[in-house]
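> Sequence and predicted structure, then a few things I'm wondering about:
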Amino acid sequence: MGARAWLLAGAALVLVATACSNDAHRSKGTITKAGDISVFDVSVGDCLNPGDKIGTEISSIKAVPCKDPHTHEVFALPKYPGSGDVYPGDDKLKTFANAQCLQAFGTYTGTDYLDSKLFFSYLQPSIRSWNDGKDRTVMCVVVATGKAVTGSVRVAGAVNDGGATSDKSNVERQLDHKVQGGVEQLKPNGLKP
């Protein structure tokens, strides 16, 4: 099966699949033991530590229980519309991913993206996974500002329509305490405030 391309603030991450003995474990849908997981088996709410190796595609990623320190959390898995067999190209996939992830961010975190100290990135289907595996899913991830956090950024009761939001998530409060002054907003390629 193919791999997904990782787009993170202009960089791409690459991870190599590892032996099955280091696989993450789930219980009732939640990651309970850290380990590698296929990018095709990731679920909304999974917390990740992808590392910082630069590359172009990944097929597995390290998942951890959200109570453990982590830098990423999956918040949406939108599917590219249509069932066409022709790869739409990076530009169309980036436009789709930016729009879908931006829309889902506030719903998941309870904070409008422009008001958040977090930012998002995404994995998108590579041409190989599109053609080989019929992969049409974008993986939207909330990304901490370079510091590992504990807990989830998901806020219960967050407004779905982008209006008023609930209190800050535990992760937002952690970042408020860890960062002196403001945090520069890091935006994915092509996203303009």
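Structure's in. What do you need? Every value quoted in this text rests on a predicted model; they were computed, and no experiment measured them. Residues are numbered from 1 along each chain as shown.

> Against which helices or strands is the longest strand along the chain packed?
Identified as the longest strand of the chain according to DSSP state E is strand 119-125. Other helices and strands packing on strand 119-125, by 3 or more Cβ pairs under 8 Å, 6 or more residues apart in numbering; DSSP states H and E, are strand 4-7, helix 90-109, strand 139-143. Where C-beta positions appear, they are placed from N, C-alpha and C, glycine not excepted.

> Share the number of residues neighbouring residue 102, please.
When neighbours are counted by other Cβ atoms under 10 Å, residue 102 registers 19.

> Go ahead and confirm it touches residue 114.
No - Residue 102 lies out of contact with residue 114 (Cβ atoms under 8 Å); the separation is 9.6 Å.

> list the buried ones in the following helix or strand past the longest strand of the chain?
Next helix or strand after strand 119-125 toward the C-terminus (DSSP states H and E): helix 127-133. By neighbour count on 16 or more other Cβ atoms under 10 Å, the buried set for helix 127-133 is 128-130.

> CSV for those residues, including pLDDT and distance to residue 88?
Putting those into CSV (pLDDT from 0 to 100; distance: Cβ to Cβ, whole Å) gives the following:
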residue, pLDDT, distance to residue 88
128, 89, 14
129, 88, 13
130, 90, 8
